[in-house]
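K.L.:
A structural model of the following input is requested.
(chains A and B)
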Amino acid sequence: DQQVKQNSPSLSVQEGRISILNCDYTNSMFDYFLWYKKYPAEGPTFLISISSIKDKNEDGRFTVFLNKSAKHLSLHIVPSQPGDSAVYFCAASGRSNYKLTFGKGTLLTVNP
Amino acid sequence: SQTIHQWPATLVQPVGSPLSLECTVEGTSNPNLYWYRQAAGRGLQLLFYSVGIGQISSEVPQNLSASRPQDRQFILSSKKLLLSDSGFYLCAWSLGDYFYEQYFGPGTRLTVT
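P.N.:
Numbers count the residues shown, from 1 in each chain, chains lettered A, B, ... in the order given. Coordinates of the predicted model:
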């Protein structure tokens, strides 16, 4: 039972363009959503998050959008840079249960 | 600032051998601690989490166990490894009500042969 789904295993974009990473969830009890970035052989690093009471959160080149009715969130990276090439994980959490549920990740490749 | 350490970085163990992976956090008190596993081609699977010394919650049935002997120390163990235990093991921490913002260690690559 995959409660957090990242249906695109990979994405390739040109440097300077926009990268859009998508994530769907099924559990309506989730109320906090996060994106993590992971390089090979390293632990994931926290990137950006959004509470269910918001529909958008922006941090520099990164913006996360949440559509609760569609149970869908997306991460926009503008402009994309070669250093953004990594696996991006979407994660979700319910209220006060101390756990994150992760998607399987999307490999983003930004070509110079 | 807070830092998290995991060791060893890589480990090759035969089937049936024991396992002990250690994780320590510096620069904070009473963190929530987590063990995750990333198997090949899969996402991050939560194995155990702890909200305090001696308090361990298990997420999946398996031949692994976890212990928290000290506030900032989290240990993952097994008495007998299986081939299916191979993977990338990650320790993470978070604080109190901000449990959802978790910070990960560098990970341990375990290969069971």
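
K.L.:
which stretches of the chain aren't confidently modelled?
P.N.:
Because you didn't say which chain, this covers chain A. In the prediction, chain A carries residues with pLDDT under 70 at positions A:1, A:96-97.

K.L.:
hm, I was asking about chain B
P.N.:
B:61.

K.L.:
Could you pick out the residues of chain B near chain A for me?
P.N.:
B:32, B:41-46, B:49, B:51, B:57, B:59, B:88, B:90, B:92, B:94, B:99-107, B:109 (CB under 8 Å from any CB of the partner chain). Yep, even glycine has a C-beta here, placed from its N, CA and C like the rest.

K.L.:
hmm, try it at 7 Å
P.N.:
Neighbours of chain A within chain B, by CB under 7 Å from any CB of the partner chain: B:32, B:42-44, B:46, B:49, B:51, B:90, B:99-107, B:109.

K.L.:
hmm, which of those are the buried ones?
P.N.:
Among those, those buried by neighbour count (16 or more other CB atoms under 10 Å in any protein chain shown) are B:32, B:43-44, B:46, B:49, B:51, B:90, B:99-100, B:102-105, B:107.

K.L.:
and of those residues, the nearest to A:Met29?
P.N.:
Closest approach between these and A:Met29, by CB to CB: B:Tyr100, at 13.2 Å.

K.L.:
excluding its backbone neighbours, what's nearest the closest one?
P.N.:
Spatial nearest neighbour of B:Tyr100, excluding adjacent residues (CB to CB, 6 or more residues apart in numbering or on different chains): A:Ser93 at 4.2 Å.

K.L.:
Isn't that neighbour up against A:Asn27?
P.N.:
No. Between A:Ser93 and A:Asn27 there is no contact under CB atoms under 7 Å: 9.9 Å.

K.L.:
of those two, who's got more company?
P.N.:
Counted by other CB atoms under 10 Å in any protein chain shown, A:Ser93 and A:Asn27 do not tie: A:Ser93 has more neighbours, with 22 against 14.

K.L.:
Pull up the pairing partners for the helix or strand harbouring the more buried one, direction included.
P.N.:
If you go by DSSP states H and E, A:Ser93 is part of strand A:86-94. Using DSSP bridges, the strands paired with strand A:86-94 are strand A:30-38 (antiparallel), strand A:101-102 (antiparallel), strand A:106-111 (antiparallel).

K.L.:
CSV for these, including mean neighbour count?
P.N.:
Formatted as CSV, the strands paired with strand A:86-94 follow (neighbours: other CB atoms under 10 Å in any protein chain shown):
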stretch, mean neighbour count
strand A:30-38, 21
strand A:101-102, 22
strand A:106-111, 17
